[in-house]
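Asker: Pasted the sequence and its predicted model underneath.
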Amino acid sequence: MDVGDPSNFARMLDMYDNSCRKMREDLCGNSFDDDQTRAAIKSVYERYGYILDPHGAVGYLGLFNMMNEHPEIDIGIFLETAHPAKFIGVVEPEIYIKVTVPDRLAECFTRRKISESMSNKYKDLKEFLFSKYR
């Protein structure tokens, strides 16, 4: 991830030769609020027994909208980006069960957080990395 510009949009633009027009030929966008996201988590669990994380819920809603707007599309894919246990405070109240935290993820929760403050300039990040890991 480019920590100086964490937006996916910049990477997506790069894939389309910096042309929004070209990108719009392949992609469409949606936005959903927290209530819609929570409702999707609950609905998918009740209907399919699958536990979504919030990012997956937004992907599911986007696919659901696309398929409603284009009835000729009868199959689609959405991707999860995280384990639901990473968002226990959001997920558990919607599905009314305890989410199992994988051991590997649980280990992360017990580790001490280490952060370094720095500018968003590439040269500063490069200098920091080389000073730590040379």
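Answerer: Sure thing, it's come through. Residues are numbered from 1 along each chain as shown.

Asker: Look up how far Val58 lies from the closest residue to Arg38 other than its chain neighbours.
Answerer: In space, and not counting its chain neighbours, Arg38 is closest to Glu94: 5.2 Å by CB to CB, 6 or more residues apart in numbering. All C-beta spots, glycine's among them, are computed from the backbone N, C-alpha and C. Look at Glu94 and Val58: by CB to CB, to the nearest Å, they are 14 Å apart.

Asker: can you list the domain ranges for the chain.
Answerer: Following automatic domain parsing, the chain resolves into domains at 1-30, 31-133.

Asker: what residue ranges in the chain score low on pLDDT?
Answerer: 1-6 (pLDDT under 70).

Asker: most centrally placed residue in it?
Answerer: In the chain, the residue lying closest to the centroid (CA atoms, centre = their mean) is His55, at 4.1 Å.

Asker: show me the contacts for Pro71.
Answerer: Counting by CB atoms under 8 Å, 6 or more residues apart in numbering, Pro71 makes contact with nothing.
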